[in-house]
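Undergrad: Sequence first, then the predicted structure, then my questions.
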Amino acid sequence: MGDCLDLWPVGECGMQGECVEADVNVSGDVHCQCDPGWSQSLEMNFLDFSILNETKSICISNQYALDVLYGILLVVIIIHTFMLCRRVHTNKPLYGKRSWWFWMSISVLFIAIYRLANKEALMGVDIWLTSFVAWCMPVHLLLAYSFRSRYLRGLSERLLEVTSVSGMETGVGKCEKYKDSAKTFYLRANKARKFLYYIYIGLGFVCNNFWITIMIYNYPRCISLYLVKSAFGYYAFLIIYQTIFFFFSITELEKDIKKTLECDVAKMKIASVGTDIGGDNNGVDNDALELKDSLVELERMRKTLVVTASLQIFFYGASSISDLFVLLWAYLTPLHFIVFYIDAIVYFIRQFYEEMLTELNSLNQNDENLALSATTSEGVNNASYLTMGTEKTL
């Protein structure tokens, strides 16, 4: 029974099938008999062919599970596109920054609809599906990188502004040494950011390996398998380097913010956040609150980075060495997009919630100001009345 495909760790024909003889009268003629609902597939299958359009595989394909995954992707991408359009509509300046997100949403929407409408559209076989997936995946990584980079750069520059106007450059106490290192790690690491930029340029070429495999369909499948595995290996290398860079950037930025909050406390008026020291509010309290809020956001970003990067490194790395994981990308492709866009939807929901709280706080503050104004006006009127009464008495 050596003719049945044996992939570690699932064994011959996988966990959903068994290797059987096709004809008891013909010795050695064996094939995989799959359980009901399961079948072999050409999707992401770059193993050796016996004859054209037939290849050894394992019982790994479940059409119902694939339809469910692409159906979930369709729902998620529609919700994301709606929330993105709403966000841009309420904030027009975001249109230019979010245009790439919109076009990527449309592209993934096409992938989901095309795959659901055409059951024969398989990754690694259909040129349209494979090309769109091959181009969308690196762009999504680039969008996530761009989002984190813009946030870290903006926060780093904001931190420098705060330190420059809060008296930290006067050389008071422990601020004297800190003022020379106030420029954050992210802004100092020019060579690291430039190297990451070049890695992304290389990714623009490597991602083409997926649709190139279709162009060399009739060549030995081992060539296509090496191309695909090398692409997954490149993805893994990119994620590892990018994760290390962002992890150190976030950690060092947190340290810089904490130093800023601890340094020259009297001048920054942050000994008790929310308490106006000296009775005047010149905006420094708001700076302190903004920096403290950014610490929470940085911690959330780091946790998200570690979790998502760990999963990506595992699957990309395993796919670069394991034939089984290459086959599993029939399922991992929609899962990749589902997780990405659910994370984006959670971000939109969190933004909406924070904006709603800000608006409610603003309304409450206005009500308090109106009440205070009315009380003050009433007090003035009463004082005027008493004054007039006193004058009449006199």
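TA: Looks like it arrived, so ask away.

Undergrad: ok, now how distant is G71 from E262?
TA: Going from G71 to E262 by Cβ to Cβ, to the nearest Å gives 52 Å. C-beta: built from backbone N, CA, C; applies to glycine.

Undergrad: so where do the strands sit in this protein?
TA: For the chain, the strands defined by DSSP state E occupy 6-7, 11-12, 17-21, 30-34, 49-51, 54-55.

Undergrad: Make TSV out of those and add mean pLDDT, mean neighbour count and distance to S322.
TA: Converted to TSV, those look like this (pLDDT from 0 to 100; neighbours: other Cβ atoms under 10 Å; distance: least, Cβ to Cβ, whole Å):
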stretch	mean pLDDT	mean neighbour count	distance to S322
strand 6-7	82	18	8
strand 11-12	84	16	14
strand 17-21	85	17	19
strand 30-34	83	18	19
strand 49-51	47	10	20
strand 54-55	53	14	17
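
Undergrad: Just to check, I321 is in contact with K229?
TA: Yes: I321 is within contact range of K229, at 7.1 Å (criterion: Cβ atoms under 8 Å).

Undergrad: For T90, see how far away the residue most central in space within the chain is.
TA: By Cα atoms, centre = their mean, the chain has its centre lying nearest to A144, at 4.8 Å. Distance, A144 to T90, by Cβ to Cβ: 23 Å.

Undergrad: coming back round to it: export the strands of the chain as JSON lines, with columns for distance to L298.
TA: Shown next, in JSON lines, are the strands of the chain (distance: least, Cβ to Cβ, whole Å):
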{"stretch": "strand 6-7", "distance to L298": "42"}
{"stretch": "strand 11-12", "distance to L298": "46"}
{"stretch": "strand 17-21", "distance to L298": "48"}
{"stretch": "strand 30-34", "distance to L298": "49"}
{"stretch": "strand 49-51", "distance to L298": "51"}
{"stretch": "strand 54-55", "distance to L298": "48"}
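
Undergrad: Out of those, which gets nearest to F132?
TA: strand 54-55 (23.5 Å; Cβ to Cβ).

Undergrad: Helices of the stretch 151-300 of the chain, start to end?
TA: 175-178, 185-188, 190-206, 209-215, 221-262, 265-268, 284-319 (DSSP state H, counting those that start in this stretch).

Undergrad: So for E157, which of these sits nearest?
TA: helix 185-188 (7.6 Å).

Undergrad: S105 - nearest residue in space that isn't next to it in sequence?
TA: Take S105 and drop its neighbours on the chain: the residue closest to it by Cβ to Cβ, 6 or more residues apart in numbering is T81, 4.5 Å away.

Undergrad: so who does the residue nearest to the centre of the chain touch?
TA: Counting by Cβ atoms under 8 Å, 6 or more residues apart in numbering, A144 makes contact with F340.

Undergrad: rerun that using 10 Å as the cut-off
TA: Applying Cβ atoms under 10 Å, 6 or more residues apart in numbering to A144 gives the contacts Q242, F246, T304, L305, T308, F340, D343, A344.

Undergrad: List only buried entries from those residues.
TA: Among the contacts of A144, those classed as buried by 16 or more other Cβ atoms under 10 Å are Q242, F246, L305, T308, F340, A344.

Undergrad: Now render those as JSON lines, adding pLDDT and distance to L187.
TA: Compiled in JSON lines, those are given as follows (pLDDT from 0 to 100; distance: Cβ to Cβ, whole Å):
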{"residue": "Q242", "pLDDT": "95", "distance to L187": "17"}
{"residue": "F246", "pLDDT": "94", "distance to L187": "14"}
{"residue": "L305", "pLDDT": "91", "distance to L187": "19"}
{"residue": "T308", "pLDDT": "91", "distance to L187": "24"}
{"residue": "F340", "pLDDT": "91", "distance to L187": "28"}
{"residue": "A344", "pLDDT": "89", "distance to L187": "27"}
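
Undergrad: show me the contacts for the closest residue to L152 other than its chain neighbours.
TA: Nearest residue to L152 in three dimensions, chain neighbours excluded: Y186, at 4.8 Å (Cβ to Cβ, 6+ apart). Applying Cβ under 10 Å, 6+ apart, we find Y186 in contact with 148-149, 151-153, 155-157, 192-193, 245-246, 248-250, 252-253, 256.

Undergrad: Show the contacting residues for the residue nearest to S105.
TA: Applying Cβ under 10 Å, 6+ apart, the residues near T81 are W101, F102, M104, S105, I106, V108, L109, Y341.

Undergrad: Am I right that E297 is in contact with G154?
TA: No: assessed by Cβ atoms under 10 Å, E297 is found out of contact with G154, at 11.4 Å.

Undergrad: what about I212, neighbour count?
TA: Applying other Cβ atoms under 10 Å, we find 15 residues neighbouring I212.

Undergrad: Do I have it right that it meets F46?
TA: No: using Cβ under 10 Å, I212 makes no contact with F46, being 11.7 Å away.

Undergrad: intersection of neighbour lists for these two?
TA: With Cβ under 10 Å, 6+ apart as the test, I212 and F46 both reach I223, S224, L227, V228.

Undergrad: where's the closest residue to A192 other than its chain neighbours relative to I199, distance?
TA: In space, and not counting its chain neighbours, A192 is closest to F245: 5.5 Å by Cβ to Cβ, 6+ apart. F245 sits 10 Å away from I199, taking Cβ to Cβ as the criterion.

Undergrad: again with D3
TA: 42 Å.

Undergrad: Could you do I113 as well?
TA: Per Cβ to Cβ, I113 is found 32 Å from I199.
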